[in-house]
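Trainee: need a structure here:
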Amino acid sequence: TTGPMTVTGTVLGTPAYMAPEQYAGSEVDGRSDQFSFCVAAWESLFGARPFAGTTLPQLQQAIERGEIETPDGSAVPTSIRRVLVRGLAPKPEARWPDIPTLMTALRGAARPRRRRWVIAAAIAAGITLAGGIWTVGRSSEVSCNGAGADIDQLFPIALRSKAIAMARANSGDEIAERIAHNLERFVTSYRGVAGVACRAVRDHQWSDDLADRSRDCREEQARNFVTVLEGELEEGRVGKALVLATADYVTVADFGSCREPNVLAAMPTWPADERRSLIEARAQLVNARELAGRGQVARAQAAVAKIVGSPIGSSPRLAGSLAVVRGTIAHVNDDYPTAIREMTDAYYKAHSNVDLVVEIEALRYLLYFIGVDKQDSAGVESWYRLALSEVDRYHRVSPLRSAELRLALVGVAVTRGELPVALEQARLADASVDDSTPLLKANARREYASALAETGDHVRAIPAYEQTVKLVASALGPYDSQLAELLGDEALTLSEAGRSDEAVKVIEHAQTILLKNPDYGGADRGTLELNFATVFLAAGQRDRAEPLLRSARDRRIKALGPDDPTIGTIDANLAQIATTRGNFDQAIPLLQAALASQTKAVGADHPEVANTLYHLAEALAAKLDWLGALASVHRCLEIRAARLPNSDFYVDALLLQAEIENLAGRPESAFGDASKALELPAPRGNYDLTARAKLEQARALFALRRDEAMARRVLGEARAMYVAHDRPNQVADIDALAAQHR
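Mentor: Numbers count the residues shown, from 1 in each chain. Reported below is the predicted structural model:
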C-alpha cells in the first residue's frame, strides 16, 4: 500500500515480520523464520519494533537496508542486542546458521550480566505476532478437515445441480459431464485454499489478519464465479458456451493468490462495513464485462449504471473495475479512443488503490487494444516497456495474472517483429502455470509453440502444439472451434518443417471440426482459411488452396477493412499460385502491392515483409530477372539475419539465394552460400534444407569444373534424403543433373 497504515497488527501486521527475501518473492527457509522471530523478540524486549515506517514501502525499504532503530534509554544488554541484530541481517547468509544456534547465543549473551535477562519464555512458548502466534513447538490439535465448507453457502449445491440438469436436458450427457467437472474443480480449489489457511492459523504460521485476507480473497472468487454462472443460465447458455465459460473461469479464478502470505499482506484491506457490498459489486462488474464481451452492451451498461447509483458506487475501491467495464464496452463498439482512455484510467485508479488484479488487467487490455488490434507500435511503446519492466514483480504477486500479461506481451512483440522477446515471454508464461488451469496452460503453451515456430524452431514447436491440442480437447471437447484454430497452427508448422502429408491430414481434421461450428466466421475464420491454404499450397494442392485464399481475403476485408495487413499475406500466397502457373505478369504486381501494404502496416524490417520478399525473388527468378531476384532475396536475408539469425527461415533464404546464383551463372557465390547453410547451427527441423544445400553445392561444383568427386558425393547424399522421404520429383531432378555430368 502507498497510503497511511492503520493500527499496528491489522494492515501492518504480517509485513512487519517478513524477511527481505519474502518481500522479493525469493525462496525462503529457516533463516526467514529466524528473522521473524528476532523482530518479535526485539519488540518484546525493547517495547518497539526494530524497523520503522508509516507506509508499506517505507517499512520494506528499512528492512531491506537493515535500518534498525534502538529506543533511547533501553536497559536491554548490548550483548543480547548484538545477537538479535545478526538475526535481523538483510542477507540470509549473514544471519545465524539456524534457530537452535540463535537460542544458544541468546542464552550465552544473558549469562555474563549480573542481572540475567529471562527470555526463555519468549523462546519456548512463542511470541505474539500482530494477532497471530509464532512458536517453536508442536501444532495444536485443531482439525481443518471441514475447511471450506462455506462454499456450499456461497455456491449452493442447488445452483450447481440446476446448471448440470439444464445442460443435460438441452445438450446431452457429454456437455453436462464437462460442466459438472468444471464446477467440481472450482469447489475443490476453494476447499483446498481454505484448508491451507486453516492449517496456517492452527500451526501459528499466519496471523488472524492474514486468515481474514485469505477468506476475502477466496470469497470474492466464489462470488464472481456464481454471478457469471447465474448470468449464463439466465441467458440459456447451457451448451458448449457454458463448458467454455466454466472452464475459463476455473482458469482465471486466482486461488493461488489466496494462499500466499506475501501476496495477501500486500492486498488492500476493505472496511468491515463495506466488505460484503464491495465483493458483490465487483462480482456484478465481472459479469458486466462478460456481457459486454459477448456483445450484450445494453445489459452491461445497465449493470454499470445500477452499481454507480448504489450507495457503494462512489467507492474508490470500485473505480478501476468500473473503468475496465466501460473500456470493454467501448472496445466492443469499436470506439478505440474511449476504450484506451478508460483502460488508462483503470490502470492508474487501480494502481493508486493497490488493486493489483485490476492494474494488471487494465495493462493487459491496453497492450491488446493498442499493440495487437491497432498494431500501433509508437502508441503502445510506453505501455509495452512498462509491462516488460513490471511483469516479474507481478509474478511474485500472482503467477497466474503475470502469465496473462506475458501472453499480451507476446502478442505485441510478434506484431513488432521482436521474436526473441515473444519467445522468452511465452516460455515464462508456459513455465509459470500448470495443468490445474487447463485453458490458460493451453493458451500459454500455444503461444510458446507459435513463438518457436515463428523463430524457425520446428523441432520443439511441433510437440508443443501436440501437447496443446490434448489440453484443449480435454477441457473443451473434440469439436470446439478453438481446437480447429490450434490444429491450423500445428499444420502450418508441420508444413514449414517439410512434413506436408502430415500437415494436410491435420488440416482435414480441422475442417471436419469447422463443419460442426457453422456460426464460426468473421476475421478469425479468414485467418484459419489462410493457414489451411498455406498448407495446401506447400503440398502442391493449388486447387484446394486458391478458393480458401479468396474466401479468407473477403472475410478479412469485410471484418477489418482493406488496410488489414493480413491482406498482403493473402495476396502474396495468391501470387505464389500465379507464379507456379507461369502467370508472372500477374504474380509480380501482386507481390509488389503486398510488399507496400505490409511495409506500411508493420514496418520495413518485419518478418512478414521478409516472407513476401522471398516469394517476389522466386517470381522474378522464374521470369529470368536475376538482378531483381537477387536484390529481393538479399533484402529478405538481411531481415532474417537480424530477426531470425541461424534459424531454418534464414537458411531457407540463403539456399534460395544460392539457387538463384547458380541459375544466374554465379557458381562461386552459390557454393559459398550453400556451404554456409550447412555450417550454420540451425535447428534443422526440415530435412529438405540439408538436401537443398547439398544439391546447390553439387550444381556449383559442376559449373566450376572442380572437385567433381565431392559434387557426386553430396548429390548422392541429397538423393538419398529425397528417396527416404518419398519425393520422386526431386529424385528425378537429381538424376537428370547427374546424367549431364557423367
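
Trainee: Let me know how buried the residue nearest to residue 554 when sequence neighbours are not counted is, in neighbour terms.
Mentor: Nearest residue to residue 554 in three dimensions, chain neighbours excluded: residue 526, at 7.7 Å (Cβ to Cβ, 6 or more residues apart in numbering). Yep, even glycine has a C-beta here, placed from its N, CA and C like the rest. When neighbours are defined as other Cβ atoms under 10 Å, residue 526 has 25 of them.

Trainee: Residue 526 touches residue 556, doesn't it?
Mentor: Yes. Using Cβ atoms under 8 Å, residue 526 is in contact with residue 556, at 4.2 Å.

Trainee: which residues are common contacts for those two?
Mentor: Common contact partners of residue 526 and residue 556 (Cβ atoms under 8 Å, 6 or more residues apart in numbering): residue 566.

Trainee: who's in contact with the residue nearest to residue 554?
Mentor: Applying Cβ under 8 Å, 6+ apart to residue 526 gives the contacts 551, 552, 553, 554, 555, 556, 559, 566.

Trainee: State the pLDDT value of the fourth one.
Mentor: Pointing back at residue 554 there. According to the prediction, residue 554 has pLDDT 93.

Trainee: any idea which helix or strand carries residue 654?
Mentor: Assigned by DSSP states H and E, residue 654 falls within helix 648-663.

Trainee: what's the average pLDDT for that helix?
Mentor: Computed over helix 648-663, the average pLDDT equals 94.

Trainee: And the helix or strand following it, how far out from the chain middle?
Mentor: Where DSSP H and E defines the elements, the next helix or strand beyond helix 648-663 is helix 667-679. Centroid separation for helix 667-679 versus its chain: 40 Å, with Cα atoms, centre = their mean, to the nearest Å.

Trainee: In stretch 375-384, which residues are buried?
Mentor: Using 16 or more other Cβ atoms under 10 Å as the test for burial, stretch 375-384 gives 375, 377, 379, 380, 383, 384.

Trainee: Pull the residues that contact it.
Mentor: Residues outside stretch 375-384 that contact it (Cβ under 8 Å, 6+ apart): 363, 366-367, 370-371, 409, 412, 415-416, 565, 601-603.

Trainee: change it to 10 Å
Mentor: Residues outside stretch 375-384 that contact it (Cβ atoms under 10 Å, 6 or more residues apart in numbering): 336, 340, 343-344, 347, 362-372, 374, 387, 408-409, 412-413, 415-418, 421, 564-565, 601-603.

Trainee: before we move on, the earlier item: for residue 88, state which of the contacts of residue 526 is nearest.
Mentor: Proximity of the contacts of residue 526 to residue 88 (Cβ to Cβ) peaks at residue 566, which lies at 59.1 Å.

Trainee: count of neighbours near that closest one?
Mentor: 20.

Trainee: do the one 3 residues further on as well
Mentor: Residues lying near residue 569 (other Cβ under 10 Å) number 23.

Trainee: show me the contacts for it.
Mentor: Applying Cβ under 10 Å, 6+ apart, the residues contacting residue 569 are 527, 530, 534, 549, 552-553, 556, 594, 597-598, 608, 611-612.

Trainee: Where neighbours are concerned, which of the residues you listed has the most?
Mentor: Counting neighbours by other Cβ under 10 Å, residue 612 leads the contacts of residue 569 with 28 neighbours.

Trainee: where's that residue, which helix or strand?
Mentor: helix 607-622.

Trainee: just to revisit the earlier point, filter the contacts of residue 526 down to the ones in helices?
Mentor: Of those, the ones assigned to helices by DSSP state H are 551, 552, 553, 554, 555, 556, 559, 566.

Trainee: tell me which of the residues you listed is nearest to residue 29?
Mentor: Comparing the ones in helices among the contacts of residue 526 against residue 29 with Cβ to Cβ places residue 566 closest, at 51.9 Å.

Trainee: thought that closest one was touching residue 552?
Mentor: Yes. Between residue 566 and residue 552 there is a contact under Cβ atoms under 10 Å: 8.1 Å.

Trainee: okay, and the common contacts of those two?
Mentor: 523, 526, 527, 530.
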